[in-house]
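Student: Sharing a model that was predicted from the sequence below.
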Amino acid sequence: MKKKLFMLTMSLVVMASAAFAQSRKAVRINEVMVENQSSIVDDYGQRHGWIELFNGNFAPIEISSIYITDDPANPTKYPVPLGDVNTKIAKRQHVVFFADGEPNKGTFHTSFVLTPGQENWIGIYDADGQTLIDEVTVPANLPADCSYARTADGEGEWAIRTGENTGDGAATYITPSSANIIKDTNKKIEEFANRDANGFGMTIMAMCIVFTALLVLCLCFYGIGAISKQISKLNKMRAQGIDKSEAATTGSNHDSGEEIAAIVMALHQHLNAHDTESTVLTINKVKRAYSPWSSKIYGLREVPGHPHR
């Protein structure tokens, strides 16, 4: 028993570790700024180059113990510290690290700096220091206050963003800690609104969801009741010392409800015998012996001045 429990525990630990490692593989380098002159500032009010990471999962990811580096020969250059609650990235969200070479300032300050005017290779490695999760090479011609970003969060081609609108509807805004594509409308909602202008489809859909939920609840309650009844029956049999096999063999010998009802009616007819004539009503005179203890005259009050007669 102990061996089985140990094996089960080890299996759960291995599965949890695999799931944890697999989830961190969804972390992506999303946007990079090498020379920061007028962009965002850190907690100390200073400007440095920064690296934005994106959680591509639809579940939170804990990125502590992964490595961020600018040197392929030194993959463990900056380990993300443990114990910081802010290293847990919510689903489809972002986090920014400042490349200022001062890791003593906090979790989100790397031990290396990005150098303007030359190519900057950036990579992130898993906790083993060997598995490369993502990498990017920032071009040397990246202007100051411009970023090198993906066209969409966690995917797509890389492009230089100047922070200006190109005029053709394709904005190249710099978006640290936010989505690379800023959406002010939802195409699916607009399409649904156009097809269902009066709201009949939404009403029918809502009613179907409600009735389906009620049906599922009814089935659940029915199943729970049946299971509870069966468990109660088994507990009663166990308390009486009856095995399931014995109950199965003896259960067929019991009289049915119809047979019991017929026997009861026959006994009732026999013990409560009536006249032989079915249409004659018999009335028997009831005689009660008189007793002074039950006489009502002893309970009457006498009126003053009027002797009792």
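Tutor: Arrived safely, thanks for sending. Numbers count the residues shown, from 1 in each chain.

Student: CA only for contacts and neighbour counts going forward, please
Tutor: Will do.

Student: What is the neighbour count of residue 150?
Tutor: By other C-alpha atoms under 10 Å, 20 other residues sit near residue 150.

Student: Looking at the helix or strand where residue 236 lies now, give me its mean pLDDT.
Tutor: Using DSSP states H and E, the element containing residue 236 is helix 200-239. The average pLDDT within helix 200-239 is 90.

Student: repeat for stretch 257-277
Tutor: Taken as a whole, stretch 257-277 has an average pLDDT of 72.

Student: Then stretch 173-191?
Tutor: Averaging pLDDT along stretch 173-191 yields 81.

Student: what's the span of that stretch, first residue to last?
Tutor: When the termini of stretch 173-191 are compared using C-alpha to C-alpha, to the nearest Å, they are 27 Å apart.

Student: which of the residues in that stretch are buried?
Tutor: Residues 173, 174, 175, 176, 177, 178, 179, 180, 181 are the ones in stretch 173-191 that count as buried (16 or more other C-alpha atoms under 10 Å).

Student: Any figure for the gap between residue 69 and residue 175?
Tutor: 22 Å.

Student: Mind listing residues that contact stretch 29-43?
Tutor: Stretch 29-43 is contacted from outside by 47-54, 98, 114-116, 124, 134-136, 138, 142-150, 153-154, 176, using C-alpha atoms under 8 Å, 6 or more residues apart in numbering.

Student: Only the buried residues of that stretch, if you could.
Tutor: Going by neighbour count (16+ other C-alpha under 10 Å), the buried part of stretch 29-43 is 29, 30, 31, 32, 33, 34, 35, 36, 39, 40, 42.

Student: and residue 135, how many neighbours?
Tutor: Number of residues near residue 135 (other C-alpha under 10 Å) recorded here: 17.

Student: So it, which state does it fall into?
Tutor: Secondary structure, DSSP: H, G, I helix; E, B strand; the rest coil: residue 135 is strand.

Student: Just the mean pLDDT for stretch 38-46, thanks.
Tutor: 95.

Student: do the same with stretch 145-161
Tutor: Across stretch 145-161, the average pLDDT comes to 93.

Student: in it, what counts as buried?
Tutor: 145, 146, 147, 148, 149, 150, 151, 153, 154, 158, 160, 161.

Student: mind checking the backbone torsions on residue 198?
Tutor: Main-chain torsions, residue 198, degrees, to the nearest 10: phi -90, psi -10.

Student: Let me fix that, I meant to ask about residue 267.
Tutor: phi -60, psi -40.

Student: do you know how far it is from residue 210?
Tutor: Distance, residue 267 to residue 210, by C-alpha to C-alpha: 54 Å.

Student: same question, residue 216
Tutor: Computed as C-alpha to C-alpha, the residue 216 to residue 210 distance reads 10 Å.

Student: Give me the number of neighbouring residues for residue 74.
Tutor: 12.

Student: go on, residue 102?
Tutor: 15.

Student: Give the full set of residues in contact with it.
Tutor: Taking C-alpha under 8 Å, 6+ apart, we find residue 102 in contact with 109, 110, 111, 112.

Student: can we see that at 6 Å?
Tutor: By C-alpha atoms under 6 Å, 6 or more residues apart in numbering, the contact set of residue 102 is 109, 111.

Student: Also the one 4 residues further on?
Tutor: Remark: with contacts taken as C-alpha under 6 Å, 6+ apart, residue 106 is in contact with nothing.

Student: Tell me the confidence at it?
Tutor: Confidence at residue 106, expressed as pLDDT, is 95.

Student: Then residue 288?
Tutor: In the predicted model, residue 288 carries a pLDDT score of 61.

Student: packing partners for the helix or strand containing residue 96?
Tutor: Assigned by DSSP H and E, residue 96 falls within strand 94-99. Judged by 3 or more C-alpha pairs under 6 Å, 6 or more residues apart in numbering; DSSP states H and E, the packing partners of strand 94-99 are strand 49-55.

Student: which outside residues touch the strand it packs on?
Tutor: 27-36, 92-99.
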